[in-house]
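Participant: Pasting the sequence and the predicted coordinates here, then a few questions.
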Amino acid sequence: MKSKWWIIGLSIALLLAIISPIASQFPDGLDRFAEDNNFGDQANEPAFTVIPDYSFPGVSNDATATIIAGVLGTLILFGFAFGLASLLKSKNEA
């Protein structure tokens, strides 16, 4: 079971990506603080975006687009992290 931690982690991350459209539409955290203190409109736009605002090109349904963007982002980041962990593990074993 110890070596299969990534299956549980990936399953939880994918589940969260799938149910993300039912999250609250109200801002929280830094967005809420910025709105409450009237400086939210001063934010700079990012230099580039891969999946802007969790919308996926070609998908007209917002909930479906959010799910696809979330699952794709989860898989990309998980793959990167898993690959990096594998490289570091093999480097430490050598």
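Facilitator: Perfect, thanks for sending it. Just so it is clear, the structure is predicted and the values come from calculations on it, not from any experiment.
Participant: In terms of secondary structure, what does the lowest-mean-pLDDT helix or strand in the chain contact?
Facilitator: Within the chain, no helix or strand scores below helix 29-36, which has a mean of 81 by mean pLDDT, DSSP states H and E. Packing contacts for helix 29-36, counted by 3 or more Cβ pairs under 8 Å, 6 or more residues apart in numbering; DSSP states H and E, involve no helix or strand. Quick note: C-beta positions are derived from backbone N, CA and C, even for glycine.
Participant: In that helix, which residues are buried?
Facilitator: Applying a neighbour-count criterion of 16 or more other Cβ atoms under 10 Å, one finds nothing buried in helix 29-36.
Participant: pLDDT (mean, whole number) over whichever helix or strand comes after it?
Facilitator: Elements were assigned by DSSP states H and E; along the chain past helix 29-36, the next helix or strand is helix 62-93. Averaged over helix 62-93, pLDDT sits at 85.
Participant: Distance from the chain centre to helix 62-93, please.
Facilitator: Using Cα atoms, centre = their mean, to the nearest Å, we find the averaged C-alpha position of helix 62-93 to lie 9 Å away from the chain's own average C-alpha position.
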